[in-house]
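Novice: What follows is a predicted structure for the sequence shown.
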Amino acid sequence: ENPWPKDHFMEPYMRVYSLLGVNAWFWAAVFHFRDQKTTEKLDYFSAILLLVYTMWLIFLRLMGPAPPHRTKVAFVLAAIYSTHVFYMGKVSFNYGFNMKLAMFIAFVNWLGYTYYLMEIWYRPYSKKMALLLCLLYGSLSFELLDFPPFWQLLDAHALWHLITAILTIFWYDCQIEDLNWDVLEMEEEKTM
């Protein structure tokens, strides 16, 4: 069943977002089970794709159903992703560069969502969304501040995956609630 409201312009984009999220989690799991060059690339490239696509979603949420320069923004984001994949795949598989790009995109996404939250602060779920945003981005500290594993089992990276897996479920719920609220507001405007 499709949880995204069909009457909302974001519905097809959120379906893609869901699929890209599943794809990123799938390749992360495969890479952690089978640490090979190919699985590592698929993990990294899927994660960056999800981050870049999130930039696209934020752009659409802030600008509306027919934003100006939509094609140019889509082209720039596709170029960022394609260039990154080419560089990492053919020139130099540089973990530090990949992490810096991921952190930069995550920061831009955080700024975009923070601005969006200020726009919808009156909505009842916005505080929950803000808390989740802080927890999701706060969990990045586990990714950045690595530490040795507890009991030879649980290290910072594993904790980051665990935390983000749990928070992602709640994040999707907030996204669904947000789009449903939009649909309700649009219906109310039509009846006035």
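Specialist: The structure has been received and is ready for your questions. Numbering: from 1, shown residues only.

Novice: Mind giving me the packing neighbours of the helix or strand where Tyr13 lies?
Specialist: Taking DSSP states H and E as the definition, one finds Tyr13 inside helix 11-33. Applying 3 or more CB pairs under 8 Å, 6 or more residues apart in numbering; DSSP states H and E, we find helix 11-33 packed against helix 37-63, helix 156-191. Every C-beta, even on glycine, is put in place using the N, C-alpha and C of the backbone.

Novice: Give me the buried positions along the last one.
Specialist: Going back to what we said before, that points to helix 156-191. By neighbour count with 16 or more other CB atoms under 10 Å, helix 156-191 contains the buried residues 156, 159-161, 163-164, 167, 171-172, 174-175, 177-182.

Novice: between that helix and helix 11-33, how many degrees?
Specialist: 170 degrees (axes from the mean of the first three to the mean of the last three CA atoms, to 10 degrees).

Novice: how distant is helix 156-191 from the center of its chain?
Specialist: The chain centroid and the centroid of helix 156-191 are separated by 11 Å, computed with CA atoms, centre = their mean, to the nearest Å.

Novice: Can you give the contact residues for the lowest-mean-pLDDT helix or strand in the chain?
Specialist: Least confident helix or strand of the chain, by mean pLDDT, DSSP states H and E, is helix 140-144 with a mean of 83. For helix 140-144, the surrounding residues in contact (CB atoms under 8 Å, 6 or more residues apart in numbering) are Met103, Ala106, Ala156, His157, Leu159, Trp160, Ile163.

Novice: Mind putting those residues into JSON lines with distance to Tyr122 and pLDDT?
Specialist: What follows is these, written out as JSON lines (distance: CB to CB, whole Å; pLDDT from 0 to 100):
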{"residue": "Met103", "distance to Tyr122": "31", "pLDDT": "92"}
{"residue": "Ala106", "distance to Tyr122": "27", "pLDDT": "94"}
{"residue": "Ala156", "distance to Tyr122": "37", "pLDDT": "84"}
{"residue": "His157", "distance to Tyr122": "38", "pLDDT": "82"}
{"residue": "Leu159", "distance to Tyr122": "35", "pLDDT": "85"}
{"residue": "Trp160", "distance to Tyr122": "33", "pLDDT": "86"}
{"residue": "Ile163", "distance to Tyr122": "29", "pLDDT": "90"}
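
Novice: Phe9: which of those residues is nearest?
Specialist: When these are compared for distance to Phe9 (CB to CB), Ala106 wins out at 25.1 Å.

Novice: Just give the nearest non-adjacent residue to the closest one, would you?
Specialist: Distances taken as CB to CB, 6 or more residues apart in numbering put Leu51 closest to Ala106, at 6.2 Å, once the chain neighbours are dropped.
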